[in-house]
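>>> Okay, here's the prediction I keep looking at, along with the sequence it came from:
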Amino acid sequence: VEAITGGKPILNFRYRYENVNEDAFDKEAHASTLRTVVGYRTKAWKGLGFHIEAENVATIGNDLYNNIGHQNLNNGVRDRPVVADPAITDLSQVFFWFERGGSSLQLGREQINVDDQRYIGSVAWRQHYQSFNAFKFTNRSLAWANFLYSYIDKVHRINGATWDADNHLLNARFELGEDGKYGSLTPYAYLLDFKDSGQFGLSTASYGLEYQGKVSIDDHTSMNWEVEYAAQGDYGDNPNEVDASYLLLTVQGKLKLLNVRLGYEVLSGDVRDGRFTTPLATLHKFNGWADKFLVTPVTGLEDLYLALDGKIGPVKWFAIYHDFSANGSVAEADVDFGAEYGDELDFQFLYTAPWKQTFGLKGAIYFADELSTDTEKFWIFTTWKI
């Protein structure tokens, strides 16, 4: 009884207005939506607990955007740009959890975020989060190592669709030296096997290794870096041959008033060997907030970017500039190696009030060169939770 009555209620709201002006459409998209989450998480009883959440996304005003909702969730708008926030009510999370001796088990429908969410994420920027019917095991009993294994047999997508799957996620993180003095090493394997014909082409096996390092210069200044490489091949029922790769190089300087990050990310693409894909990622986090690269182009993608962030009084700010180009070539696409896709500038301002409500302004401006069309996106949003 104490475990049940002594648990934690879950209640949060997020209102957002999104405007999209894309040259491919005569009309702009205007999306005014409210996300509401109600739930409860019990305390542990002999290590065992229960978590449940219900989620509602409501449209405030008219549907002046293409919501790309699945089947009956689709609003039928075709003459305006996409804002992927269909109105929906869903039992978004319901799972049992068990913790004992540094190990944790979860079983049920749950949101899973692995590392930086480049492969697996809850897509928390959209109003209806991605979740999974899954079993997840983590172990943190060793001070210098963490281990993760998860099995997923169904994916609940942000548009209300579901994908049947037979997916295995394996991930480990090892601290190098005392207290990670020499950084950390993360090997991983993500085996995605989708069981519906529409997703057969997304079935892949990705094997990778990530190294993160850091050096402190003084109390206010430090530098960290990241190097990651992965190889991806076709897997399961994929009818296509895939021989693709992923590369990430970043270096970041943390100063007293400003953080600076320079990054270079490559997702290979070739008409013969296929393209590197991460269909279960929180893709909005990567390759620009205009969402032009949710699907890797057939000629791959190179993203060279510079990011700055800091704080002005109580306001946190962030800005990033991307230079996008092709990684491979294919005559059928009339794109040559090194061709420029376009550039993008993204920015965000966040303010958290004393009563813990957050207010945000965010924007993305994509300047098209040889891919897609000029696009501007702007968001105004506020969140509050207990």
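Received it, and whenever you're ready, just let me know what you need.

>>> going forward, measure contacts between C-alpha atoms and count neighbours the same way
OK.

>>> Tell me, how many residues neighbour the residue nearest to Trp384 when sequence neighbours are not counted?
Excluding the flanking residues, the one nearest Trp384 by CA to CA, 6 or more residues apart in numbering is Gln357, at 4.7 Å. By other CA atoms under 10 Å, 15 other residues sit near Gln357.

>>> any idea how far Gln357 is from Val123?
Distance, Gln357 to Val123, by CA to CA, to the nearest Å: 21 Å.

>>> What is the helix or strand hosting Leu249 packed up against?
Element membership for Leu249 (DSSP states H and E) is strand 243-254. If you count contacts as 3 or more CA pairs under 8 Å, 6 or more residues apart in numbering; DSSP states H and E, strand 243-254 packs onto strand 222-234, strand 258-267, strand 274-275.

>>> For it, buried residues please.
Buried residues in strand 243-254, counted by 16 or more other CA atoms under 10 Å: 243-254.

>>> In JSON lines: those residues, plus distance to Lys214.
Putting the buried residues of strand 243-254 into JSON lines (distance: CA to CA, whole Å) gives the following:
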{"residue": "Asp243", "distance to Lys214": "32"}
{"residue": "Ala244", "distance to Lys214": "29"}
{"residue": "Ser245", "distance to Lys214": "26"}
{"residue": "Tyr246", "distance to Lys214": "22"}
{"residue": "Leu247", "distance to Lys214": "19"}
{"residue": "Leu248", "distance to Lys214": "16"}
{"residue": "Leu249", "distance to Lys214": "14"}
{"residue": "Thr250", "distance to Lys214": "12"}
{"residue": "Val251", "distance to Lys214": "10"}
{"residue": "Gln252", "distance to Lys214": "9"}
{"residue": "Gly253", "distance to Lys214": "10"}
{"residue": "Lys254", "distance to Lys214": "10"}
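
>>> most packed of the helices and strands packed on strand 243-254?
Greatest average neighbour count among these goes to strand 274-275 (a mean of 25), per mean count of other CA atoms under 10 Å.

>>> immediately after that strand, which helix or strand?
Following strand 274-275 in sequence, per DSSP H and E, is strand 301-312.

>>> Help me confirm that Gly198 is found in a strand?
No. Using DSSP: H, G, I helix; E, B strand; the rest coil, the assignment for Gly198 is helix, not a strand.

>>> what about it, neighbour count?
Neighbourhood size, Gly198 [other CA under 10 Å]: 9.

>>> ditto for Ser184
Close neighbours of Ser184, defined as other CA under 10 Å, add up to 20.

>>> Who is it paired with across the strands?
Beta-bridge partners of Ser184, counted by DSSP bridges, are Glu175, Gln212.

>>> Please report how far it lies from Val260.
Applying CA to CA to Ser184 and Val260 gives a distance of 21 Å.

>>> Tell me the pLDDT of Asp336.
With respect to pLDDT, Asp336 scores 54.

>>> Isn't Lys356 up against Trp384?
Yes. Counting by CA atoms under 8 Å, Lys356 touches Trp384, with 6.8 Å between them.

>>> Name the residue in the two with the higher neighbour count.
Trp384 (16 against 12).

>>> What segments of the stretch 51-200 of the chain are helices?
Secondary structure of the stretch 51-200 of the chain, counting by DSSP state H, counting those that start in this stretch: no helices present.

>>> For it, which segments are assigned as strands?
88-100, 103-110, 131-142, 145-156, 162-175, 184-192 (DSSP state E, counting those that start in this stretch).

>>> Reformat those strands as JSON lines; add mean pLDDT.
Shown next, in JSON lines, are those (pLDDT from 0 to 100):
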{"stretch": "strand 88-100", "mean pLDDT": "97"}
{"stretch": "strand 103-110", "mean pLDDT": "98"}
{"stretch": "strand 131-142", "mean pLDDT": "97"}
{"stretch": "strand 145-156", "mean pLDDT": "98"}
{"stretch": "strand 162-175", "mean pLDDT": "98"}
{"stretch": "strand 184-192", "mean pLDDT": "98"}
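
>>> what's the closest of the ones you listed to Glu226?
Of all the strands of the stretch 51-200 of the chain, it is strand 184-192 that lies closest to Glu226, at 9.6 Å by CA to CA.

>>> can you list contacts of that closest one?
By CA atoms under 8 Å, 6 or more residues apart in numbering, the residues outside strand 184-192 that reach it are 119, 165-176, 202-213, 235-236.

>>> Using PDB, list the CA coordinates for it.
Output in PDB follows, covering the C-alpha atoms of strand 184-192 (Å, rounded to 0.1, in the frame of the first residue of the first chain):
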ATOM      1  CA  SER A 184      35.100   6.600 -22.300                       C
ATOM      2  CA  LEU A 185      34.600   4.000 -25.000                       C
ATOM      3  CA  THR A 186      31.200   2.800 -26.200                       C
ATOM      4  CA  PRO A 187      30.800  -0.200 -28.500                       C
ATOM      5  CA  TYR A 188      27.300  -0.900 -29.800                       C
ATOM      6  CA  ALA A 189      25.200  -3.100 -32.100                       C
ATOM      7  CA  TYR A 190      21.700  -2.300 -33.200                       C
ATOM      8  CA  LEU A 191      19.900  -5.100 -35.100                       C
ATOM      9  CA  LEU A 192      16.700  -3.800 -36.600                       C
END
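
>>> hey, what's the closest residue to Trp163 other than its chain neighbours bridged with?
Distances taken as CA to CA, 6+ apart place Val155 nearest to Trp163, at 5.0 Å, with adjacent residues excluded. Using DSSP bridges, the bridge partners assigned to Val155 are Phe132, Trp163.
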